[in-house]
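Participant: missing the sequence, but the structure's below:
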């Protein structure tokens with residue numbers, strides 16, 4: 001009987017691991033599955049995984065003693081979110097909240113969901129620490145997530161090709177330049193953010209003496225899907241994480257590693273440019289235009305042009321109808337950043353409350369910028385935390401991630417086993433890449449941020 005029970009426990013552990021890349025950030029939510037139903041199924045699997053592993057949960061006191069500072073920072077950060085929400089409860093219903101803020105994204109409901117999901121992600125982090133309690137489990141966890149997320153990537157790539165061929169009319173994010181691979185909440189950036197640490201895991205696979213063919217195949221679809229999300233912020237995070245990985249492990253990386261990576265990079269780039277250009281004329285040109293949109297040195301010049309045209313009511317009306325050529329993503333994101341800063345200046349201690357950025361955008365937006373029907377986040381997690389949680393909340397979050405990184409680097413420095421050192425470096429660099437992506441996207445609520453943090457903590461404890 002005990003053997004059967006152990007088999008059930010083990011099965012639910014691996015089912016839970018597989019559910020992370022398949023349910024929490026899957027690009028196939030358009031297949032009759034809503035974001036809410038997929039998320040609830042993921043939560044349900046997590047619940048049963050906890051239920052079948054209650055004996056492991058008893059280790060929480062031991063873990064608290066091992067990382068007391070980190071756990072205290074997490075608890076205080078969550079409490080601060082509730083405090084900020086409490087002091088801004090009446091602010092949520094001000095008349096200036098946006099027209100599109102209704103139903104699931106309506107005031108009060110969205111605020112409570114925002115905090116509840118943040119709390120769930122922190123519980124997920126703790127759960128990873130409790131269950132991934134051995135070196136073998138850590139390695140299996142990483143390999144499983146890598147493999148099953150590559151399956152999600154394969155699905156995403158096939159939907160893009162089906163769209164290009166005219167077989168599929170939905171399931172794809174129809175960007176103004178070219179189709180982009182869907183992600184959680186219909187946002188390509190969400191899926192790209194999850195793929196940042198997985199790209200680094202692919203690099204780890206290339207360091208093995210004899211990588212399996214399955215590793216090569218998984219890496220191919222991960223890299224290809226990553227490019228086809230066209231998330232410039234995620235690409236920047238992956239590049240910086242990759243450079244850091246090579247810098248940390250330059251003495252452990254041989255020529256064969258660089259040859260493997262170069263061959264994979266050339267193959268992926270060939271498929272992304274040549275094959276996709278054959279299916280979608282102008283694909284390479286659109287890719288270049290999208291990839292180089294981060295010409296930040298032109299933002300000030302473009303902003304002057306936009307503000308000049310928006311100085312009149314007629315200009316604002318035309319802009320809202322998107323009939324002007326001066327519309328630029330960089331300018332609108334600059335407005336978002338300025339709005340967040342205005343919120344912080346008005347509420348420097350407790351902020352405007354978690355989840356309130358979108359509802360209050362029109363009250364704090366820059367002068368002469370157009371009104372928005374609905375905007376959920378500022379596309380910069382650090383500015384959003386500063387705006388919604390004030391300076392204390394911002395310092396708590398930065399203290400949390402800084403402490404985790406310092407602890408992980410310290411652990412990495414003293415490790416002797418080469419493979420353990422590489423694995424820990426992958427997780428550190430993947431987390432750094434996610435944090436870099438936070439400069440252009442909201443990472444606080446997305447599960448992959450807390451999953452990588454949980455794996456980092458587990459690696460610190462079991463390697």
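Facilitator: All right, it came through fine. What you see is a predicted model, and the numbers here were worked out from it, not measured in a lab.

Participant: can you give me the strands for the stretch 101-250 of the chain?
Facilitator: With strands called from DSSP state E, counting those that start in this stretch, the stretch 101-250 of the chain shows them at 172-174, 179-181.

Participant: okay, now the residue nearest to residue 436 when sequence neighbours are not counted: neighbour count?
Facilitator: Counting by CB to CB, 6 or more residues apart in numbering, residue 237 is the residue found nearest to residue 436 once chain neighbours are left out, at 3.8 Å. Just so you know, the C-beta spots here come from the backbone N, C-alpha and C atoms, and that holds for glycine as well. Around residue 237 there are 31 other residues, counting by other CB atoms under 10 Å.

Participant: which residues touch residue 237?
Facilitator: Residue 237 sits next to 193, 196, 432, 433, 434, 435, 436, 437 when contact means CB atoms under 8 Å, 6 or more residues apart in numbering.

Participant: okay if I get those residues as TSV plus distance to residue 205, pLDDT and secondary structure?
Facilitator: Formatted as TSV, those follow (distance: CB to CB, whole Å; pLDDT from 0 to 100; DSSP: H, G, I helix; E, B strand; the rest coil):
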residue	distance to residue 205	pLDDT	secondary structure
193	20	85	helix
196	16	91	helix
432	19	95	helix
433	17	94	helix
434	19	93	helix
435	23	94	helix
436	22	93	helix
437	22	91	helix
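
Participant: what two of these are the furthest from one another?
Facilitator: 193 and 432 (13.1 Å; CB to CB).

Participant: neighbouring contacts of stretch 393-411?
Facilitator: By CB under 8 Å, 6+ apart, stretch 393-411 touches 67, 69-70, 73-74, 76-77, 80-81, 84, 351, 382, 385-386, 389, 424, 427-428, 431-432, 435, 444, 453, 456-457, 459-460, 463.

Participant: Neighbour-wise, which one of the contacts of residue 237 leads?
Facilitator: When neighbours are counted by other CB under 10 Å, residue 196 leads the contacts of residue 237 with 32 neighbours.

Participant: how close does it sit to residue 22?
Facilitator: 18 Å (CB to CB, to the nearest Å).

Participant: Tell me the gap between the lengthiest helix in the chain and the middle of its chain.
Facilitator: When the chain is parsed with DSSP state H, its longest helix is helix 381-414. The chain centroid and the centroid of helix 381-414 are separated by 16 Å under CA atoms, centre = their mean, to the nearest Å.

Participant: in that helix, what's buried?
Facilitator: Buried residues in helix 381-414, counted by 16 or more other CB atoms under 10 Å: 381-390, 392-397, 400-401, 404-405, 407-408, 411-412.

Participant: which residues sit in contact with the residue most central in space within the chain?
Facilitator: For the chain, residue 193 is the residue whose C-alpha lies nearest the centre (CA atoms, centre = their mean; 3.5 Å). The neighbours of residue 193, taking CB under 8 Å, 6+ apart as the test, are 231, 234, 237, 434, 437, 441, 443, 446, 448, 449.

Participant: And residue 121, by the same measure?
Facilitator: Residues in contact with residue 121 (CB under 8 Å, 6+ apart) are 445, 446, 447, 449, 450.

Participant: Look up which helix or strand the last one falls in, please.
Facilitator: The one in question is residue 450. Counting by DSSP states H and E, the element that carries residue 450 is helix 447-462.

Participant: Helix 381-414 and that helix, what's the angle between them?
Facilitator: Per axes from the mean of the first three to the mean of the last three CA atoms, to 10 degrees, the angle that helix 447-462 makes with helix 381-414 is 20 degrees.

Participant: Can you tell me what sits against helix 447-462?
Facilitator: Contacts of helix 447-462 (CB under 8 Å, 6+ apart): 20, 24-25, 63, 66-67, 70, 121-122, 124-129, 132-135, 137-138, 141-142, 193-194, 196-197, 401, 404, 407-408, 411, 423-424, 427-428, 430-431, 434, 443.

Participant: if you set the cut-off to 7 Å instead, what comes out?
Facilitator: Outside of helix 447-462, the residues that reach it under the criterion CB atoms under 7 Å, 6 or more residues apart in numbering are 20, 24-25, 66-67, 121-122, 124-125, 128-129, 132-135, 138, 141, 193-194, 197, 404, 407-408, 411, 423-424, 427-428, 430-431, 434, 443.

Participant: I'd like the distance between residue 377 and residue 218.
Facilitator: According to CB to CB, residue 377 and residue 218 sit 31 Å apart.

Participant: In the stretch 51-200 of the chain, where is pLDDT below threshold?
Facilitator: Across the stretch 51-200 of the chain, the ranges flagged by pLDDT under 70 are 53-66, 93-97, 100, 169-177, 182-186.

Participant: That one: helices as residue ranges?
Facilitator: Assigned by DSSP state H, counting those that start in this stretch, the helices in the stretch 51-200 of the chain fall at 54-57, 60-66, 68-87, 109-131, 135-165, 188-207.

Participant: between the ones you listed, which gets nearest to residue 347?
Facilitator: Comparing these by their distance to residue 347 (CB to CB), the top pick is helix 68-87, with 8.9 Å.

Participant: Who are the packing partners of that closest one?
Facilitator: In terms of contacts (3 or more CB pairs under 7 Å, 6 or more residues apart in numbering; DSSP states H and E), helix 68-87 is packed against helix 109-131, helix 381-414.

Participant: now the angle from the shortest one to helix 447-462?
Facilitator: Between helix 109-131 and helix 447-462, the angle formed by their directions is 20 degrees, by the same axes, to 10 degrees.

Participant: Over to the longest one?
Facilitator: For helix 381-414 against helix 447-462, the angle by the same axes, to 10 degrees is 20 degrees.

Participant: per-residue pLDDT, the residue nearest to residue 436?
Facilitator: pLDDT for residue 237: 91.

Participant: Over to residue 35?
Facilitator: Residue 35 carries a pLDDT value of 55.

Participant: With residue 209 instead?
Facilitator: Listed pLDDT for residue 209 reads 78.

Participant: Need the residues that contact the strand or helix carrying residue 424.
Facilitator: Residue 424 belongs to helix 418-437 when assigned by DSSP H and E. Contact with helix 418-437 is made by 193, 196-197, 200-201, 203-204, 207, 233-234, 236-238, 240-241, 244-245, 248-249, 252, 401, 405, 408-409, 411-412, 415, 443, 448-449, 452-453, 455-456, 459, 463, as judged by CB under 7 Å, 6+ apart.

Participant: so what's residue 390 closest to, chain neighbours aside?
Facilitator: Residue 390 sits nearest to residue 351 (CB to CB, 6+ apart), 3.9 Å away.

Participant: looking at this, the one you found is in a helix?
Facilitator: No: assigned with DSSP: H, G, I helix; E, B strand; the rest coil, residue 351 falls outside any helix and is coil.

Participant: which residues touch it?
Facilitator: Neighbour list for residue 351: 84, 387, 388, 389, 390, 393 [criterion: CB under 7 Å, 6+ apart].

Participant: And the residues you listed, which is closest to residue 356?
Facilitator: Set against residue 356, the nearest of the contacts of residue 351 by CB to CB is residue 388 (6.0 Å).

Participant: May I have the phi/psi pair for the closest residue in space to the closest one that isn't next to it in sequence?
Facilitator: Closest residue to residue 388 apart from its sequence neighbours, by CB to CB, 6+ apart: residue 351 at 4.6 Å. Taking degrees, to the nearest 10, you get phi 70, psi -170 for the backbone angles of residue 351.
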